[in-house]
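S.K.: Fold the following and give me the result.
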Amino acid sequence: QVQLVESGGGLVQTGDSLRLSCAPSGRTFSSYAMGWFRQAPGKEREFVASIPMSGGGTNYADSVKGRFIISRDNAKKTLYLQMNSLEPQDTAVYYCAASLWRWKSEPDYWGQGTQVTVSS
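M.R.: Below is the predicted model of the structure:
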């Protein structure tokens, strides 16, 4: 069983930056492809970004491409999401997700989420 704990959310203004972190516990972090999803009020949860076990070959939703950067530090067992040039439409609860060995559209494990609010 893997428990995912997100941190780093908060209230920021348009154009600001924010970095989210996700620290899994339990099994070996490096065995999991990791990713981020988000859910805005009244909307379905949507994919944001993913990164494979090795760290190469990242993938992004078109809405965040060029503004967000997903990365991981396997030595520190931590996943990151650097969010730049934030916009009000980025306001959502952000969820960390993990898939054993390779990324899946329906990940194996989910975190509890961290709120990101971008004011205009």
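S.K.: Would you quantify the distance from Val118 to Val64?
M.R.: Val118 sits 13 Å away from Val64, going by CB to CB, to the nearest Å. Every residue, glycine included, has its C-beta placed from N, CA and C.
S.K.: okay, and the common contacts of these two?
M.R.: Here Val118 and Val64 have Asp90 as joint contacts, going by CB atoms under 8 Å, 6 or more residues apart in numbering.
S.K.: So for those two, which sits in the more crowded spot?
M.R.: Val64 (23 against 20; other CB atoms under 10 Å).
S.K.: Distance check, the closest residue to the more buried one other than its chain neighbours against Ile69.
M.R.: In this structure, Val64 finds its nearest non-sequential neighbour in Val48, 5.8 Å apart by CB to CB, 6 or more residues apart in numbering. To Ile69, Val48 is 11 Å away according to CB to CB.
S.K.: Overlap in contacts, these two.
M.R.: Residues touching both Val48 and Ile69 by CB under 8 Å, 6+ apart: Leu81.
S.K.: These two: which has the busier surroundings?
M.R.: The neighbour count for Val48 versus Ile69, taken as other CB under 10 Å, is higher for Val48 (24 against 16).
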